[in-house]
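**Student:** Sequence and predicted structure, then a few things I'm wondering about:
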Amino acid sequence: MEFNIITIFPQIFECYFNLSLPKKAKKKGIIKINLINPRDFSTDKHKKVDDYTYGGGPGMVLMFEPLKKSINKAKEYSPQTHVILLSPSGIKLNQVLARELTKYESLTLLCGHYEGVDERVKNFVDEEISVGDFITSGGEIPALIIIDTVLRLIPSFLKKEEAKFSESFEKGVLEYPQYTRPRESFNLKVPEVLLSGNHKEIEKFRKKESLKRTLILRPDLLLQKKLSDEEKIFLKEIFDEILDFFSKINKEWTISMLL
């Protein structure tokens, strides 16, 4: 897969792609990276690519022409590239969208900065994507989030392919809790079922814990999910456990008040 990254701060991406898994993927030819700096297309002697906004207002806006020429350059690398503008007004990134993006052989990520980009450049992008309801100083960090999310879905990027299918959001729920050695530390123990060697019981434990974590932290995900019969049974058990827990607390409170 090819990534064309339009940014005035290419150093950010040079660092990322020279570390860990991205470095290995680049070396193996699994991914190809083209960094495009709009300053290279500036007609200003100081390589300026931003200017004041018409109509007044705070901050600076990235100019149209250097960005348009940067997109042209990206299309020289890959004529069919899918051009994405990182923007707070774009569609929100999630795992489903990330999987959709893997269908493209080439992605061009346009990173805005300052107060954004000249509106005219949006005539030359295929879609706008936001990574959340918050504002960053530029599109570089959101672009890295998209790249990292998409890379993990590319075949052969992860050493263990099955790992990505058990992660949070892949099945509409959060991932189950995980433990490693030692078995006990600071009076905290690893759940016995995980040490049993009974793979069927371990799988049931993980499914139930995944649902419990989702119910507590992200109940909105469960409202969107079509539950299996097994998941419905697990949720009933979880609700019963929660009710039992609060019943015991309430009983203890009542006794302590009477004393």
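**Tutor:** Received, thanks.
**Student:** buried ones in the helix or strand where Cys15 lies?
**Tutor:** Assessed by DSSP states H and E, Cys15 sits inside helix 10-16. With burial defined by 16 or more other CB atoms under 10 Å, the residues of helix 10-16 counted as buried are 10, 12-13, 16. C-beta: built from backbone N, CA, C; applies to glycine.
**Student:** Also stretch 192-199?
**Tutor:** Leu194.
**Student:** Report the distance from that stretch to the chain centre.
**Tutor:** 32 Å (CA atoms, centre = their mean, to the nearest Å).
**Student:** can I see the domain layout of this protein?
**Tutor:** 2-151, 184-258 (automatic domain parsing).
**Student:** counting contacts, what elements does the longest helix along the chain pack onto?
**Tutor:** In terms of residue count, the longest helix belonging to the chain (DSSP state H) is helix 229-258. Helix 229-258 sits against helix 199-217, with contacts defined as 3 or more CB pairs under 8 Å, 6 or more residues apart in numbering; DSSP states H and E.
**Student:** Contact partners for Val83?
**Tutor:** 71, 74, 108, 110, 124-126 (CB atoms under 8 Å, 6 or more residues apart in numbering).
**Student:** Need those residues in a markdown table (columns: neighbour count, pLDDT and secondary structure).
**Tutor:** As requested, the contacts of Val83 are exported to a markdown table (neighbours: other CB atoms under 10 Å; pLDDT from 0 to 100; DSSP: H, G, I helix; E, B strand; the rest coil):
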| residue | neighbour count | pLDDT | secondary structure |
| --- | --- | --- | --- |
| Ile71 | 20 | 98 | helix |
| Ala74 | 24 | 98 | helix |
| Thr108 | 26 | 98 | strand |
| Leu110 | 28 | 98 | strand |
| Phe124 | 16 | 98 | helix |
| Val125 | 19 | 98 | coil |
| Asp126 | 12 | 98 | coil |
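**Student:** between the residues you listed, which is closest to Phe134?
**Tutor:** Leu110 (19.2 Å; CB to CB).
**Student:** mind listing what the closest one touches?
**Tutor:** By CB under 8 Å, 6+ apart, the neighbours of Leu110 are 6, 67, 70-71, 83-86, 117, 121, 125, 139.
**Student:** again, but for Lys69
**Tutor:** 38, 41.
**Student:** buried sites along the lowest-mean-pLDDT helix or strand in the chain?
**Tutor:** The helix or strand of the chain with the lowest confidence, counting by mean pLDDT, DSSP states H and E, is helix 229-258 at a mean of 85. Using 16+ other CB under 10 Å as the test for burial, helix 229-258 gives 231, 234-235, 238.
**Student:** One more: stretch 90-103?
**Tutor:** In stretch 90-103, counting by 16+ other CB under 10 Å, buried: 90, 93, 95, 98, 101-102.
**Student:** and it, how far from the chain's centre?
**Tutor:** 9 Å.
**Student:** Now Leu62. Nearest residue, chain neighbours left out?
**Tutor:** Leaving aside its chain neighbours, Leu62 sits nearest to Val117 (4.6 Å; criterion: CB to CB, 6 or more residues apart in numbering).
**Student:** the helices in the protein, which residues?
**Tutor:** 10-16, 20-28, 64-77, 95-101, 140-151, 199-217, 219-224, 229-258.
**Student:** mean confidence score for the second one?
**Tutor:** What it means is helix 20-28. Mean pLDDT, computed over helix 20-28, is 95.
**Student:** what about Leu227, distance to Val96?
**Tutor:** 18 Å (CB to CB, to the nearest Å).
**Student:** my guess is the residue nearest to Leu62 contacts Glu65, does it?
**Tutor:** No - Val117 lies out of contact with Glu65 (CB atoms under 8 Å); the separation is 11.6 Å.
**Student:** Walk me through which strands the lengthiest strand in the chain pairs with, and which way each runs.
**Tutor:** Longest strand in the chain by number of residues (criterion: DSSP state E): strand 82-92. Using DSSP bridges, the strands paired with strand 82-92 in its sheet are strand 106-110 (parallel), strand 127-130 (parallel).
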